[in-house]
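Asks: Give me the fold of what follows.
(chains A and B)
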Amino acid sequence: MMTRIVRMAYLGVLALAAGCDGWHTPSGPPASLDAEVRQSLGGWGVVPIGPAPAQPAALVDLGQALMFDKVLSGNRDISCATCHNPVTNAGDGLSLAIGTGGSGLGPSRTLGPGRQFIPRNAPTLLNTALGAPYLFWDGRVSNLGFGGFGGGGGGAFQTPAGNQLPAGLPTLLAAQAMFPVMNREEMRGARGDHDRFGNPNELAEFADTDFVGLWQAVTQRLLAIPEYVTKFNAAFPGTPTSALGFQHAATAIAAFETQALTRTDSPFDRYLQHDDAALTTEQKRGALLFFGNKARCASCHGGPLLGSQNFANAGVPQLGPGTGGGAPLDFGRGELAHQDFARFWFRATPLRNVELTAPYMHDGAFATLEAVLHHYNDVPRALREYDVSQLPPALQPMYHGDDATLSGVLATLDGRLSAPLGLTDVEIRELVAFLKSLTDPAARDLSALTPARVPSGLPVEE
Amino acid sequence: MTSRVVRLSVVLLIVAGRAPAQIIPIHTVPIVPADQFDIFPSYTLAMGEVSIAVPDTLHDPFVNPAKGARVRAARFFGSPTLYNVSHDAGAGRTLPIGLLSAAGSWYGGFALALQQVDASRTPASFLAPPPGVLQAVGRLGGADLSPDPSSHGNALAFAMLGKALPGSGLSVGGSVRWTKLRAVDGVDLLYPGSTSVHQYGETIDARLGLLKDWAGDRSLEAVILHERFHMTHDVTFLDAFWDPGIQQFVQRARLEHNGDFTRRWGAQVKFERPLTTSGWRVGWLATANRTSQPSVPTTDLLNIPQDPGHAAAYELGVGVSRLYGPAVFGMDLVYQPIWSATWAEARTPTATSTGDTIPVGGRTVDNAFHFSNVLFHMGVSRDVVRSLTKTAALQLGLMVRSVHYNLAQRDHVEGATRRLDESWLEWTPTWGLSLRFPDLELRYRGRVSHGTDRLVATPNQVFGVASPTAVGFFPQTGPSPTLDGVHVITHQISVSLPL
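Replies: Presented below is the predicted three-dimensional model:
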């Protein structure tokens, strides 16, 4: 009897289990939008940015003066801040920069007689102190250290100056600040130029390979001004005046950039610090696209800086005078590395505050973020259908839209962009909303950074 | 072993262990409930935990204090219990000792227990930073970064007092159980990526019971209970951040302070009576719980946004048993309908997709759960040796718990409604052996649960950017928690001595 009862009971259990048709283990959605965003962020090394290192006040003061002083340029007519103007968010608002000989500031700046556009866009200096391993559009100043990100700043800097680069430069940004004064189109001027007072431009007479001679000459200019001697001595109290070099000036400029132009308190940064309410729903959806598999933006713009660690040919329309052996085209990284496969590769720029830094790409080919995203959505098609009317009239004749150029650009197009992304208009709006969440409100108005005067007495705002 | 990404988390009493009787557990994922609080001696726990129609004079007083009236003589007991979760996912040891006694129409009892609960994960694997990330050491940001101890201690006290009302067949009793908690099994798994979880809190379980015996071996019992569960989790995370000064990924300590508060009222009525003269008995029970959870731990695992919540849970059960010479057979079937509501509240004014704004404290998400669970218990016990001086008995049992629920989620921010159906089965065989002598009673019982999972989080990882155009190694943040299939084995040896 007992055996029968037990047997029946077990049969009952089996019947119960068998009747539960369709049992399945929990696995599916709905996950919350925040959980999805944070999950997608996790794979790209996107982490909060810590505070930038505090800089000595005297060093920042010197760096600010140098940043805005046209005495650093051969013709005494352009300063660093001319193309990296606080009023235009540490850029110039132009597609292609206008160097020495030009006049005016910001988008209204115009070319001087007989001058040519700088081949590339002047990138913003916002957040350049955060530690990008490559600087300049082609990454010609770099710090690969022990492997780039995560390798720290311990490695030797790779620069066009080779072993002429003086020792003692504390950061890659300081190393970068050594070079605009070398560039004839940007600041140095052409042989035979005369400065704004009609005096010969002695800086233009140095050979393009004589980095040491030129840097010494610029330093002599600076130390001929008593106020600069005072400022240098305050900024480098342990260094005799006779031992000062342009590397000290570059160090001060980098200190100013670090102190004044680091802006990382965006809604997205607050979101990274666990404030779920910092982003709107639209921005979170945009983030999912950005870090997800559909738009795949993070495959280039990942990492803590949202970019700057790699290069890509994004199929950007070719525009401007070009540079190097490829002129009138700009082969970018390919020119630097002398590698055909790297033609048209440019640095994937860090994206914080990108909303404020139009026009976009290495030659400023796109005036708006929407235009950039429409380009990325179907690069081959967008390149062939590029609307040149979005360019300023002076640049429109400099667009290279011939079939050979287009084919050349598409030949090395990044494989991630060879097929359309299939983004809808709504998704593009969401991506733009996300990109706007990268804006630190404090970066919107930097005009207070412009000093009233500089030690040389040269005009600051003209 | 299965392994899957956790896409859904638990609502209400996520890891509070196996619930004592009259408390209806609510799980939305099959996370294993360790036997942390199942520590008192029992006759029937080895029989698949049948309880409706099989009396258990050892265990019943801890469930319904009025049933202490059935304690005939004073007894001392000790019931060392240990459980172990497979894959080194948790373990615990408890030593309860106690006394049940009766004097005239009064009866009472008390018990004390010390418990040691092991960490459910290996702390070392979470402390090691990934390559390329500087390790934070010592104290950072006010948080102690030393590894968690491998185990923590809890303490439990139980007291019960009752009186049988002579001539009426009525007994009333009350009991209080207080637990000082330093570790609830599995809580550390709620915080993947954390370096330490410091738990502290207490529970109080107060019960008032009534028992009415009639002639003909019929009885009605009732119990009402109130339980408060109040735990705090101080969780230390090491977040990676990018330090522009040294241009390295660095870890920084972040301390989260989470509260897990639950209040519950419950009531249960049970009636049993002989079914026939051939040894069959039948019983019925009805249980109701009303649970509110004003504070839910904030954990990244909670993919269902939620802040507070409340639930109404019910049980309707029927059980039969038969005493047939040296054998006892019991079987229970219980149906559990449960309705639970949780919601998330806006911490800042939140814009919705329709352009409206949800004010602070307004609901951003409403979750409505409806469970239809079925529990089946079955067990047998048979004396294999029986004499005047000793009795030996073997016990076997099986519990099957089927869980099915559907969730309707309304997202007021996105203006979306989602639905979800989930179900799973849990199987728990039990076994036991008892030896009874005139001056000593020894019992062993064991159980192993199947069909349940435990959260497992992958430690922080580093991935390299393998592209000719790229350099760098990034720490992968936010380890992905997964559910891994585990089983829990529980062993208990209880000793009971007449005084």
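Asks: going forward, measure contacts and count neighbours with C-alpha atoms only.
Replies: OK.
Asks: Give the next helix or strand downstream of the helix or strand of chain B with the lowest mean pLDDT.
Replies: Least confident helix or strand, chain B: strand B:3-5 with a mean of 34, by mean pLDDT, DSSP states H and E. Note on strand B:3-5: by DSSP states H and E, the next helix or strand toward the C-terminus is helix B:60-63.
Asks: any idea which residue sits dead centre in chain A?
Replies: Nearest to the geometric centre of chain A sits A:Thr349, at 4.0 Å (CA atoms, centre = their mean).
Asks: quick one, phi psi at it?
Replies: phi -70, psi 150 (degrees, to the nearest 10).
Asks: State the pLDDT value of it.
Replies: Reading off the confidence values, A:Thr349 has pLDDT 95.
Asks: OK, contacts around it?
Replies: Counting by CA atoms under 8 Å, 6 or more residues apart in numbering or on different chains, A:Thr349 makes contact with A:301, A:306-308.
Asks: where does the chain dip in pLDDT?
Replies: All of this refers to chain A. A:1-32, A:145-155 (pLDDT under 70).
Asks: I was after chain B.
Replies: B:1-22, B:28-34, B:121-149, B:298-307, B:454-483.
Asks: burial of residue 351, as a residue count?
Replies: Going with chain A. Using other CA atoms under 10 Å in any protein chain shown, A:Leu351 has 19 other residues around it.
Asks: Actually, chain B is the one I wanted.
Replies: The burial count assigned to B:Ala351 is 20, neighbours taken as other CA under 10 Å.
Asks: who touches the residue lying closest to it once chain neighbours are set aside in this structure?
Replies: Closest residue to B:Ala351 apart from its sequence neighbours, by CA to CA, 6 or more residues apart in numbering or on different chains: B:Thr357 at 4.4 Å. By CA under 8 Å, 6+ apart, the contact list for B:Thr357 reads B:349-351.
Asks: surely B:Val197 meets B:Asp234?
Replies: Yes. Assessed by CA atoms under 8 Å, B:Val197 is found in contact with B:Asp234 at 5.7 Å.
Asks: More neighbours: which of these two?
Replies: Per other CA under 10 Å, whichever of B:Val197 and B:Asp234 has more neighbours is B:Val197, with 24 against 17.
Asks: does that one sit in a helix, a strand or a coil?
Replies: Under DSSP: H, G, I helix; E, B strand; the rest coil, B:Val197 falls in the strand class.
Asks: do A:Tyr271 as well
Replies: Quick answer, by three-state DSSP: A:Tyr271 is helix.
Asks: Stretch B:403-419: which residues count as buried?
Replies: Neighbour-count burial for stretch B:403-419, counted by 16 or more other CA atoms under 10 Å in any protein chain shown, picks out B:403-414.
Asks: how about the strands of the stretch 201-350 of chain A, start to end?
Replies: A:311-312, A:346-347 (DSSP state E, counting those that start in this stretch).
Asks: Would you map the helices across the stretch 301-450 of chain A?
Replies: Counting by DSSP state H, counting those that start in this stretch, the stretch 301-450 of chain A has helices at residues A:333-337, A:369-377, A:379-384, A:403-411, A:425-436.
Asks: what would those look like in a markdown table with mean neighbour count and distance to B:Leu442?
Replies: Shown next, in a markdown table, are these (neighbours: other CA atoms under 10 Å in any protein chain shown; distance: least, CA to CA, whole Å):
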| stretch | mean neighbour count | distance to B:Leu442 |
| --- | --- | --- |
| helix A:333-337 | 18 | 81 |
| helix A:369-377 | 20 | 75 |
| helix A:379-384 | 20 | 79 |
| helix A:403-411 | 16 | 83 |
| helix A:425-436 | 20 | 68 |
